[in-house]
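Chemist: please work out how this folds:
(chains A and B)
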Amino acid sequence: MTVYSPIQQETPVTGSVDVRRHRRIRNHSLIMIVLGVFFTLFTYQYYHHGLWGKLNNYNKLPLLVLKGTTIKGNELSLTMYRPNGPDTYGSFVEEVTLRVPSSSSPVETWTPSQLSQVSPANIKNAFKYQHIKTGPWGLVVPLAAKATVNLPISPAAMSAIQQAGMAQVTVDDVSGVAWTYGVSLK
Amino acid sequence: MTTLLSYAQDGLRDDTSLSHDTVPMSYLWTLRFVIGFQFLTAFARRYINAPAKMNPSSPEYMGHKFSEFYPHAIWPVKPILYVIIQNPGMTYGFLTFFSIIELLVGLFLITGTLTKLAGFGGAFLSLMILLGSGWMGTSCVDEWQIGTVEGIAAMIFMFSGSGRWSVDHWLRRYWSGTIKLGRLHVSLM
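Modeler: Have a look, this model is predicted:
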């Protein structure tokens, strides 16, 4: 009586169809596990820091990157890029202020009504689809949008900034989150 | 034990369903259906349920969605995505091409037609979308889960092909399903 065993125990003949078939299945399985594990672990760590570091979701909270913002002539060229946050809603810029180190109060403030009236000609969008636009209560910054918004600076504020040689711009989101960036004069 | 032995004695030793080494192909029917259905409905949402997704002047246009993938996309998808989203004509052409591939992959996987080729198409689509949008998902790590699971499941069909209950099963009577690409023999089903 022979007991059925799933794997054939007979000594394999090199090059036989059965051996070649087993080898092919083993190789295919190895390719699959290597690709599958690589894509799973690499993307989990890269996107969500799920294997080490602090777990992260770029899609949850808005982030405005103000890198590239300059003051030229009597204008603030405010560059805003939003790489993070929900794709379905927001974010909303309610207030933009300029500060200099010598003064505790801002030297220049753009209110929601001023921001909502910025002319489209003064908003230069970098991408074809995702645009920063004015809304009834300020500027609307959708996910992945990037634009430079030109805002005029009053002569009084401009002289204070020139005296300081630099300024700090603060952008306030409607949620209360604010981002600041040190602006150099050009 | 007795069952196993009786099968063995009945001359059914080669029945793969008894082996720990192999899986009956019919166990994969449901998986093939659900993966195919994902691709099929991806097409259907754009062309049947919500045609605004393919209307370039609509705020729902897919160009916006692809643009949203950009900030955290991974190479090589990121530079390709940039070219696609910055050339509106190309965006439309790409979306149309992409949707047709999704329709074909969906139909071919569900029906089991050229399953290995369809599996390759599905794995490629899913893993590329994973490299583009895998960072998104507000409630959970949604897109990462979709991309990895769909991509890897489709990859398995790329190697396994389909069993019975497939067009391939009928097609195999007439054709080996292998084509020659240079020195390579590529099995499509």
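Chemist: show me where chain B has helices.
Modeler: In chain B, the helices defined using DSSP state H lie at B:2-9, B:29-44, B:62-69, B:77-86, B:88-111, B:115-133, B:142-160, B:167-171.
Chemist: which residues touch A:Met158?
Modeler: Going by CB atoms under 8 Å, 6 or more residues apart in numbering or on different chains, A:Met158 touches A:Asn74. All C-beta spots, glycine's among them, are computed from the backbone N, C-alpha and C.
Chemist: what mean pLDDT does the strand or helix carrying it have?
Modeler: Assessed by DSSP states H and E, A:Met158 sits inside helix A:155-164. Across helix A:155-164, pLDDT averages out at 90.
Chemist: direction included, what does whichever helix or strand comes after it pair up with?
Modeler: Using DSSP H and E, the next helix or strand after helix A:155-164 towards the C-terminus is strand A:166-173. Here strand A:166-173 is paired, per DSSP bridges, with strand A:92-99 (antiparallel), strand A:178-185 (antiparallel).
Chemist: what sits against B:Ile57?
Modeler: For residue B:57 the amino acid is Ser, not Ile. Per CB under 8 Å, 6+ apart, neighbours of B:Ser57: none.
Chemist: please apply the same query to A:Ser154.
Modeler: Neighbours of A:Ser154 in contact, by CB under 8 Å, 6+ apart: A:Glu108.
Chemist: residues in contact with A:Lys186?
Modeler: A:70-72.
Chemist: tell me which residue is most central in chain B.
Modeler: In chain B, the residue lying closest to the centroid (CA atoms, centre = their mean) is B:Gly122, at 2.2 Å.
Chemist: ok, that residue to B:Val149 distance?
Modeler: 12 Å (CB to CB, to the nearest Å).
Chemist: for B:Asn55, same thing?
Modeler: 31 Å.
Chemist: ok, back up a step: and the strands paired with strand A:166-173, which one is worst for confidence?
Modeler: When the strands paired with strand A:166-173 are compared by mean pLDDT, strand A:178-185 comes last with a mean of 91.
Chemist: contacts for it?
Modeler: A:63-67, A:69-71, A:76, A:98, A:161-162, A:165-173.
Chemist: tell me which parts of chain A are close to chain B?
Modeler: A:1-4, A:6-7, A:28, A:31-32, A:35-36, A:39-40, A:43-44, A:46-48, A:50, A:57-60, A:83-84, A:86-88, A:127-130, A:142-144 (CB under 8 Å from any CB of the partner chain).
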